[in-house]
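Engineer: My questions concern the predicted model and sequence given below.
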Amino acid sequence: LAVRLALLRTITGISFGFFDEPTAHLDGPHREALASQILSYKGLRQLFVISHDGTFELAMENTIRLERVHGASRVMEGEMA
């Protein structure tokens, strides 16, 4: 993962990453291992993780929780860290 991210950064010059459900379909030990690898990579200035599980929640500087109300998504009150 680190090699791929470093290669992507070198080729494109990006300094941020988006991970959409990176731990989907992984069991607990593999989910924790992948999260640890992503969080320990130092080549990104910003990291965005979209997830339904709380694997990354405690490690993130900011967290935004959304909920669906009457078919529309909204930011949950008091849930922005």
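Structural biologist: Received, thanks. Numbering: from 1, shown residues only.

Engineer: Would you mind pulling the contact partners of the lengthiest helix in the chain?
Structural biologist: Scanning the chain for the longest helix, with DSSP state H as the assignment, gives helix 28-40. Residues from elsewhere that reach helix 28-40 (CB atoms under 8 Å, 6 or more residues apart in numbering): 1-2, 17, 19, 22-23, 26, 47, 49, 53, 55-56, 59. In this view, the C-beta of every residue, glycine as well, is placed from N, C-alpha and C.

Engineer: again, but for stretch 6-26
Structural biologist: 5, 30-31, 34-35, 38, 43-53, 55.

Engineer: gap between that stretch and the chain center?
Structural biologist: Stretch 6-26 has its C-alpha centroid displaced from the chain centroid by 9 Å (CA atoms, centre = their mean, to the nearest Å).

Engineer: tell me which residues in it are buried?
Structural biologist: Residues 9, 17, 22, 23 are the ones in stretch 6-26 that count as buried (16 or more other CB atoms under 10 Å).

Engineer: Put the alpha carbons of that stretch into CSV.
Structural biologist: Extracted in CSV, the C-alpha atoms of stretch 6-26 (Å, rounded to 0.1, in the frame of the first residue of the first chain):
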residue,chain,number,x,y,z
ALA,A,6,4.2,6.9,-2.9
LEU,A,7,4.1,6.0,-6.6
LEU,A,8,0.8,7.8,-7.1
ARG,A,9,2.1,10.9,-5.2
THR,A,10,5.3,10.9,-7.3
ILE,A,11,3.4,10.6,-10.7
THR,A,12,0.6,12.9,-9.9
GLY,A,13,1.9,15.2,-7.3
ILE,A,14,-1.2,14.8,-5.1
SER,A,15,-0.8,15.3,-1.4
PHE,A,16,-4.2,13.9,-0.2
GLY,A,17,-6.0,10.6,-0.3
PHE,A,18,-9.6,9.4,-0.5
PHE,A,19,-10.5,6.0,0.8
ASP,A,20,-14.0,4.9,0.3
GLU,A,21,-14.9,1.9,2.5
PRO,A,22,-11.3,0.6,2.6
THR,A,23,-12.1,-2.0,5.3
ALA,A,24,-15.3,-3.4,3.6
HIS,A,25,-15.4,-7.2,3.6
LEU,A,26,-12.4,-7.6,5.9
